[in-house]
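> Following is a predicted model, sequence given first.
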Amino acid sequence: MQLPIYQKSDINVVAPPNSPNAGADGASGNPETAGAVEPNTNGARGNYAVVSLGCPKNLVDTEQMLGRLDADGYRMVDSVEGADFVVVNTCAFIDSARDESMAAIDEMLTLKRDGKLRNVVVTGCLAERQQGKLLEDRPEIDALVGVFGRNDIVSVVDELYSGLEEQRTVFKPAAVNPLSDAVRSAVTPRHFAYLKISEGCDRLCTFCAIPKMRGKHFSKPIEQIVEEADRLGRSGVKEIVVVAQDTTYYGMDRYGKPRLNDLLKQLDRIESIDWVRLMYFYPMYIDDSLIDTIATARRIVPYIDMPLQHASDAMLKRMSRKTTRKLQTEIVRKLRERIDSLVMRTTMITGFPGETEDDFKQLMDFVEESQFENLGVFTYSVEDDTPAAKLPNRVDPEIANRRRDELMALQQSIAFEWNGSRVGGVEDVLIDAEMPEQEGVFIGRTRSEAPDVDGLVYVSQVSEESPVEIGQIRKCEIVASQGYDLAAAAID
């Protein structure tokens with residue numbers, strides 16, 4: 001949960017540990033959450049601010065860089081204008097993400113020109129993807145660090161502080177990156193954390209540039225992941241959100257076969273963790289043993305995020321998704337039959353090159369049949385260095401937007417009806433934050449909602465003798481639904 005600290009623009013600056021703006025429980029940036037060294041609060045080496053953009057995988061990279069900077073004696077502050085330098089960790093997945101990253105960089109460079117900031121360091125996916133062009137277009141950037149150069153962030157900053165006047169760039173291949181996230185300063189609240197199990201992707205989806213930015217699939221060792229999860233649990237994390245570019249492919253590169261099932265069995269044994277949430281499934285390598293593990297686990301919540309992108313065979317083939325509508329229908333059916341109370345999230349793309357009205361109708365029919373509880377829709381974004389950029393029969397953006405709106409209207413009716421059916425029930429709610437200026441009202445999530453992407457539960461404290469606390473998992477009665485969100489009363 002990243003809070004808007006720097007109020008002069010829409011750019012969200014990550015808050016440091018113990019800051020009043022540091023997250024719901026004041027724990028944002030707490031290095032203990034991930035086992036990082038306690039930061040030097042005297043700012044002996046200098047003050048820095050961080051702008052973190054993009055997905056949870058990128059957020060883990062941000063936390064890893066913060067951990068290294070803190071351990072080296074740099075002090076994180078919650079205002080760019082109070083910093084010596086800023087690290088902008090960028091996203092470059094689609095047009096809107098690139099625009100947001102460019103806007104953040106430009107704003108930081110403006111502050112530098114105004115003398116309010118000494119150095120601007122740009123990291124992450126946009127740095128990896130555009131490299132020389134980014135420096136050519138914005139020569140005031142002091143350093144550019146690619147995705148796999150993140151471990152060198154301290155040496156980059158040290159050189160800037162030593163008086164290096166020329167630009168510094170660090171780009172490394174994925175194979176040399178140990179992917180260790182042990183040294184990490186968390187920017188999520190103390191009670192939940194993202195756990196990245198692999199990097200990169202071997203899929204060759206024609207619309208996606210992630211393999212070009214993040215490299216081929218590279219799995220962490222099971223032992224390393226389990227040790228990291230255990231450390232997170234012992235530091236107070238209640239919910240771990242498992243993330244990767246392709247979660248179900250985990251282990252194929254390292255062990256010669258998918259090992260997600262084995263990993264989940266070990267994560268489920270960690271006593272200090274209450275919830276394990278699964279994100280970014282690909283509809284391959286989901287076999288009966290994996291389903292059984294999820295269905296019988298004590299800590300793995302019945303929630304699966306599985307981005308499917310489309311449901312027309314013609315579109316799936318053009319996207320190189322290596323699946324069909326029939327196979328997708330079958331896997332959704334099997335998951336729902338075997339896992340009690342399963343909640344599913346997916347994402348779809350409208351306006352992909354060659355998408356006809358019939359293709360779109362098939363997508364609408366599939367969504368109505370599948371009754372996904374949570375669903376997001378993107379319109380196709382042309383990525384110049386991907387195969388899809390060369391495909392003929394591009395769809396007019398107005399048509400793509402109209403289809404997106406129609407699909408979301410359908411999904412809205414499904415989601416609202418499902419939320420309404422939950423009224424009167426009792427569910428466990430993980431309390432994330434207190435409502436500003438509303439005493440006794442809190443914001444939380446049930447097992448059915450992932451952080452940042454799904455609806456919220458607004459929890460009222462009914463009795464002062466049984467106070468609601470941030471980070472607590474509390475039984476609540478669902479008393480009302482309003483759109484994607486719920487209202488609940490804490491049970492004594």
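That came in fine, so what should we check first? Numbers count the residues shown, from 1 in each chain.

> Show me where the stretch 101-250 of the chain has its strands.
119-124, 143-145, 168-170, 192-196, 198-199, 218-219, 239-243 (DSSP state E, counting those that start in this stretch).

> Would you mind giving the ones you listed as CSV with mean neighbour count, distance to residue 74 and mean pLDDT added?
Quick note: C-beta positions are derived from backbone N, CA and C, even for glycine. Shown next, in CSV, are these (neighbours: other CB atoms under 10 Å; distance: least, CB to CB, whole Å; pLDDT from 0 to 100):
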stretch, mean neighbour count, distance to residue 74, mean pLDDT
strand 119-124, 26, 12, 92
strand 143-145, 26, 14, 89
strand 168-170, 18, 16, 66
strand 192-196, 25, 22, 94
strand 198-199, 24, 25, 91
strand 218-219, 22, 28, 92
strand 239-243, 24, 27, 97
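
> I figured residue 477 hits residue 492, correct?
No. At 10.9 Å, residue 477 does not count as touching residue 492 under the criterion of CB atoms under 8 Å.

> Looking at the two, which one has more neighbours?
residue 477 (16 against 8; other CB atoms under 10 Å).

> Which strand residues bridge that one?
Beta-bridge partners of residue 477, counted by DSSP bridges, are residue 426, residue 489.

> ok, it - contacts?
424, 425, 426, 488, 489, 491 (CB atoms under 8 Å, 6 or more residues apart in numbering).

> Report pLDDT for it.
Predicted confidence (pLDDT) for residue 477: 97.

> measure it to residue 470 for me?
Counting by CB to CB, to the nearest Å, the gap from residue 477 to residue 470 is 20 Å.

> for residue 351, same thing?
Distance, residue 351 to residue 470, using CB to CB: 41 Å.

> and the two most separated of the contacts of residue 477?
Farthest pair in these (CB to CB) is 424 and 491. Separation: 13.1 Å.

> how about the helices in this structure?
Shown for the chain, the helices assigned by DSSP state H span residues 56-71, 95-113, 125-137, 153-161, 210-214, 222-234, 252-255, 260-267, 288-296, 313-318, 325-338, 357-370, 397-421.

> residues contacting the residue most central in space within the chain?
The residue lying closest to the centre of the chain (CA atoms, centre = their mean) is residue 56, at 2.1 Å. With contact taken as CB under 8 Å, 6+ apart, residue 56 is in contact with 194, 196, 241, 243, 279, 452.

> residue contacts, residue 377?
Contact partners of residue 377, counting by CB under 8 Å, 6+ apart, are 347, 348, 349, 350, 404, 407, 408, 411.

> what about the second one, neighbour count?
With neighbours defined by other CB under 10 Å, the count for residue 348 comes to 25.

> Output the below-cut-off pLDDT ranges for this structure.
Scanning the chain for pLDDT under 70 picks out 1-44, 164-182.

> Give me the domain ranges for it.
For the chain, automatic domain parsing gives the domain ranges 31-176, 192-420, 426-490.

> nearest to residue 185, of those?
From the domains of the chain, taking CB to CB, the stretch that ends up closest is domain 31-176, at 3.9 Å.

> and the closest one, how far from the chain's centre?
Centroid separation between domain 31-176 and its chain, computed with CA atoms, centre = their mean, to the nearest Å, is 18 Å.

> ditto for stretch 288-308
19 Å.

> which ones are touching residue 472?
Taking CB under 8 Å, 6+ apart as the contact definition, residue 472 lies against 430, 431.

> Next one: it from residue 189, what distance?
From residue 472 to residue 189 the distance is 12 Å (CB to CB).

> same thing with residue 360?
40 Å.

> The two: which is more packed in?
Higher neighbour count among residue 360 and residue 189: residue 189, with 29 against 24, using other CB under 10 Å.

> List phi and psi for that one.
Main-chain torsions, residue 189, degrees, to the nearest 10: phi -60, psi 160.

> how close does it get to residue 237?
Taken as CB to CB, the span from residue 189 to residue 237 is 9 Å.

> what do you get for residue 64?
16 Å.

> Of the two, give the one with the bigger neighbour count.
Per other CB under 10 Å, whichever of residue 64 and residue 237 has more neighbours is residue 237, with 26 against 23.

> My guess is residue 101 contacts residue 93. True?
No. With contact defined as CB under 8 Å, residue 101 does not reach residue 93; the gap is 9.8 Å.

> excluding its backbone neighbours, what's nearest residue 290?
residue 261 (4.5 Å; CB to CB, 6 or more residues apart in numbering).

> Please give me every residue in contact with that neighbour.
By CB under 8 Å, 6+ apart, the contact set of residue 261 is 287, 289, 290, 293.

> who's in contact with the last one?
With contacts defined as CB under 8 Å, 6+ apart, the neighbours of residue 293 are 261, 264, 265, 268, 300.

> among those residues, which ones are buried?
Buried members of the contacts of residue 293, counted by 16 or more other CB atoms under 10 Å: 261, 264, 268, 300.

> about what we covered before: quick check: the gap between the residue nearest to the centre of the chain and residue 261.
22 Å.

> And for residue 76?
Using CB to CB, one gets 38 Å for the distance from residue 76 to residue 261.

> hmm, back to that, can you tell me which of the buried ones among the contacts of residue 293 comes closest to residue 159?
Looking across those and measuring by CB to CB, the closest to residue 159 is residue 264, at 42.0 Å.

> these two touch, right, that closest one and residue 276?
Yes. Applying CB under 8 Å as the test, residue 264 and residue 276 come out as touching, 7.3 Å apart.

> what touches both of these two?
Shared contacts of residue 264 and residue 276, counting by CB under 8 Å, 6+ apart, come down to 297, 300.

> Can you give me every residue that contacts residue 422?
478, 481, 486.

> Just the closest of those to residue 146, please.
Minimum distance to residue 146 across these is 41.8 Å, recorded for residue 486 (CB to CB).

> ok, how many other residues are close to that closest one?
Neighbour count of residue 486, defined by other CB under 10 Å: 28.

> Excluding sequence neighbours, find me the nearest residue to residue 263.
The nearest residue in space to residue 263 (CB to CB, 6+ apart) is residue 222, at 5.4 Å.

> what's the distance between that neighbour and residue 255?
8 Å.

> what does residue 146 give?
27 Å.

> contacting residues for the residue lying farthest from the centre of the chain?
Residue distances from the centre of the chain (CA atoms, centre = their mean) peak at residue 465, which lies 36.6 Å from the mean C-alpha position. Shown in contact with residue 465 (CB under 8 Å, 6+ apart): residue 492.

> For it, what are phi and psi?
The phi/psi pair for residue 465 (degrees, to the nearest 10) reads phi -80, psi -10.

> So which of residue 222 and residue 255 has more stuff around it?
Between residue 222 and residue 255, residue 222 has the larger neighbour count (other CB under 10 Å), namely 20 against 13.

> That one touches residue 262, doesn't it?
Yes. Residue 222 lies in contact with residue 262 (CB under 8 Å); the separation is 6.5 Å.
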